[in-house]
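Novice: coords below, sequence missing:
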């Protein structure tokens with residue numbers, strides 16, 4: 001009964017060899033049969049074709065101040081154009097590059113009606129910024145990324161005490177957006193997944209980048225809001241000397257006169273261990289890095305002498321009259337004795353610190369519970385006159401989030417900051433114990449969830465300063481969105497809400513996606 005099997009095999013082999021020849025018998029190329037036979041016997045190698053995803057986004061936001069006061073920005077325009085490209089070069093090799101164009105227009109209080117773009121003092125600024133630029137390599141349990149990138153640490157959304165590897169950009173305002181303000185920086189990142197429950201991470205940062213914020217010339221600049229102290233005396237000298245078009249160029253010079261720059265001795269490093277156990281996500285973190293807020297030192301004697309000299313127009317007779325003032329004479333004598341020069345007027349430097357912390361996160365159905373705790377061996381804090389003070393600090397943040405489908409989500413968190421070596425000098429905004437509560441709620445309406453209402457805010461538990469934000473956003477199709485809202489802050493003078501109280505504003509925003 002099995003005698004037909006050899007015959008069937010022979011017939012199949014012959015059909016496999018002859019079939020292609022018969023199918024192409026109409027062609028007159030004598031060599032074509034051989035070419036087909038070779039292709040059938042040895043299939044060509046698979047060629048990997050790189051794939052890419054390109055995204056663009058443009059944002060234009062107009063802000064109108066609700067409190068028009070002297071020397072205040074009453075109208076502002078913020079613009080951003082982002083473009084990003086992610087490319088898979090080959091199996092396991094990928095890259096990402098993105099950039100941003102920023103524009104900003106600020107207009108001061110004017111006499112009479114405040115009509116945008118007609119104020120007494122208006123200034124434009126723009127910049128081109130590199131964002132992500134890295135290449136990555138994945139192989140089984142290992143991953144390597146090299147280049148400009150963001151590496152977020154921790155579980156929480158608002159306090160984020162463990163998120164220390166990247167600087168933040170505060171130039172658009174403290175409550176300008178719910179997006180992360182982290183700035184990509186050069187970094188070598190290594191990841192290793194030991195098993196399904198344990199993974200390790202290490203990062204090496206050869207360069208240092210400080211936080212980005214306005215020092216002066218903006219309602220968002222805390223130093224510019226100080227009414228007394230040496231800094232309040234120095235700032236008018238700078239703003240009078242420089243044309244407003246150069247203010248943004250001078251901002252980094254006043255944040256620091258000394259910046260870490262050596263790729264080895266000034267390098268920053270960090271490592272983390274993530275553990276998944278019984279439904280809980282644990283993270284252990286350590287970093288040796290620089291505090292991204294500068295330590296500022298002012299030579300008050302030199303500032304007193306310099307300001308007095310400028311006020312007299314360097315007239316020798318008037319300067320002799322100033323020397324008759326005992327306080328001015330003492331400051332002048334100390335400057336002469338110590339041999340101070342102009343470079344010692346303002347010295348800004350960054351200090352090393354150790355950070356160690358732990359994070360815990362878990363989910364209970366639609367509810368997520370998160371917590372981060374970080375210890376800093378030394379943080380740079382500021383007195384009310386902006387003199388720098390150092391102290392070890394513990395920062396703890398805990399909160400929860402709730403998601404109901406695609407129609408509603410909320411986040412609420414509490415943050416506590418404890419100074420382990422509190423100074424006797426009153427601090428700017430902070431105290432030896434500083435607690436805040438943050439929250440945000442978002443509702444989405446209509447069948448396509450194109451209409452969104454967002455509410456957010458912050459409350460300080462000690463002085464009860466507060467910040468509130470409301471936004472109504474409507475998305476039109478896949479490429480356009482409009483939003484309108486308000487941001488309001490209030491509090492005692494030496495609180496976060498009180499310091500930025502004059503920034504109450506209405507805003508209108510347009511977004512374009514592609």
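Specialist: Happy to help now that I have it. As the structure is a computational prediction, the values presented were derived from the model and not from experiment.
Novice: Is residue 204 in contact with residue 264, as I believe?
Specialist: No - contact criterion C-beta atoms under 8 Å: residue 204 and residue 264 do not qualify, at 10.2 Å. All C-beta atoms are positioned from the backbone trio N, CA, C, and that covers glycine.
Novice: more neighbours, those two?
Specialist: residue 204 (16 against 6; other C-beta atoms under 10 Å).
Novice: give me the element the closest residue to the more buried one other than its chain neighbours is part of.
Specialist: Among residues not flanking residue 204 along the chain, residue 188 sits closest, at 4.4 Å (C-beta to C-beta, 6 or more residues apart in numbering). Using DSSP states H and E, residue 188 maps to strand 185-193.
Novice: for that strand, which positions count as buried?
Specialist: 185-189, 191 (16 or more other C-beta atoms under 10 Å).
Novice: What of stretch 261-279?
Specialist: 266, 268, 270, 272, 274.
Novice: got a list of contacts for that stretch?
Specialist: Contact with stretch 261-279 is made by 151, 153, 164-165, 196-208, 260, 281-290, 362-363, as judged by C-beta atoms under 8 Å, 6 or more residues apart in numbering.
Novice: Between the two ends of that stretch, what distance do you get?
Specialist: Stretch 261-279 has its terminal residues 43 Å apart, counting by C-alpha to C-alpha, to the nearest Å.
Novice: all helices of this structure, in order?
Specialist: 4-23, 32-41, 230-241, 247-255, 300-311, 316-323, 326-338, 496-499 (DSSP state H).
Novice: Not counting sequence-adjacent ones, nearest residue to residue 409?
Specialist: Residue 409 sits nearest to residue 403 (C-beta to C-beta, 6+ apart), 4.6 Å away.
Novice: who's in contact with that neighbour?
Specialist: With C-beta under 8 Å, 6+ apart, residue 403 has these contacts: 366, 368, 409.
Novice: quick check, nearest of these to residue 308?
Specialist: For residue 308, the nearest member of the contacts of residue 403 is residue 409. The distance, counting by C-beta to C-beta, is 58.2 Å.
Novice: Count the residues that sit near the closest one.
Specialist: Residue 409, neighbours per other C-beta under 10 Å, totals 16.
Novice: try residue 448
Specialist: Counted with other C-beta under 10 Å, the burial measure for residue 448 works out to 9 neighbours.
Novice: now the one 5 residues further on
Specialist: Residue 453: 15 surrounding residues under other C-beta under 10 Å.
Novice: Quick check: bridge partners of it?
Specialist: In this entry, residue 453 is beta-bridged to residue 443, residue 472, by DSSP bridges.
Novice: same check, this time on the one 4 residues further on
Specialist: When assigned by DSSP bridges, residue 457 has beta-bridge partners residue 439, residue 468.
Novice: show me what contacts it?
Specialist: Going by C-beta under 8 Å, 6+ apart, residue 457 touches 438-440, 466-469.
Novice: Check residue 208 too.
Specialist: By C-beta under 8 Å, 6+ apart, the contact list for residue 208 reads 259-261, 266, 268, 290, 350.
Novice: Roughly how far does it sit from residue 374?
Specialist: 19 Å (C-beta to C-beta, to the nearest Å).
Novice: Strands along the stretch 251-400 of the chain, start to end?
Specialist: Using DSSP state E, counting those that start in this stretch, the strands of the stretch 251-400 of the chain run over residues 268-277, 280-290, 295-298, 346-349, 352-364, 367-382, 388-404.
Novice: ok, residue 190 to residue 138 distance?
Specialist: 12 Å.
Novice: should've said residue 481
Specialist: Using C-beta to C-beta, one gets 34 Å for the distance from residue 481 to residue 138.
Novice: Please work out how many residues are found near the residue nearest to residue 138 when sequence neighbours are not counted.
Specialist: In space, and not counting its chain neighbours, residue 138 is closest to residue 92: 4.7 Å by C-beta to C-beta, 6+ apart. Neighbourhood size, residue 92 [other C-beta under 10 Å]: 13.
Novice: now residue 92: how far from residue 419?
Specialist: For residue 92, the distance to residue 419 equals 47 Å [C-beta to C-beta].
Novice: Repeat that for residue 138.
Specialist: 43 Å.
Novice: In terms of neighbours, single out the busier of residue 481 and residue 138.
Specialist: Taking other C-beta under 10 Å, residue 481 and residue 138 do not tie; residue 481 has more neighbours (18 against 14).
Novice: which ones are touching that one?
Specialist: Taking C-beta under 8 Å, 6+ apart as the test, what residue 481 contacts is 473-475, 510-511, 513.
Novice: okay if I get these as TSV plus neighbour count and pLDDT?
Specialist: TSV is the format used below for the contacts of residue 481 (neighbours: other C-beta atoms under 10 Å; pLDDT from 0 to 100):
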residue	neighbour count	pLDDT
473	18	97
474	14	98
475	19	96
510	14	97
511	17	96
513	15	91
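Novice: Could you work out the most separated pair of the residues you listed?
Specialist: With distances taken as C-beta to C-beta, the most widely separated pair in the contacts of residue 481 is 474 and 513, at 13.8 Å.
Novice: where exactly do the strands run in the stretch 1-150 of the chain?
Specialist: Using DSSP E, counting those that start in this stretch, strands in the stretch 1-150 of the chain cover 51-65, 73-90, 93-108, 122-139, 142-149.
Novice: Need these in JSON lines (columns: mean pLDDT and distance to residue 354).
Specialist: Below are these laid out as JSON lines (pLDDT from 0 to 100; distance: least, C-beta to C-beta, whole Å):
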{"stretch": "strand 51-65", "mean pLDDT": "91", "distance to residue 354": "38"}
{"stretch": "strand 73-90", "mean pLDDT": "90", "distance to residue 354": "34"}
{"stretch": "strand 93-108", "mean pLDDT": "90", "distance to residue 354": "31"}
{"stretch": "strand 122-139", "mean pLDDT": "90", "distance to residue 354": "27"}
{"stretch": "strand 142-149", "mean pLDDT": "97", "distance to residue 354": "23"}
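Novice: so which of the ones you listed gets nearest residue 486?
Specialist: Distance to residue 486, taken as C-beta to C-beta, is lowest for strand 51-65 among these, at 9.9 Å.
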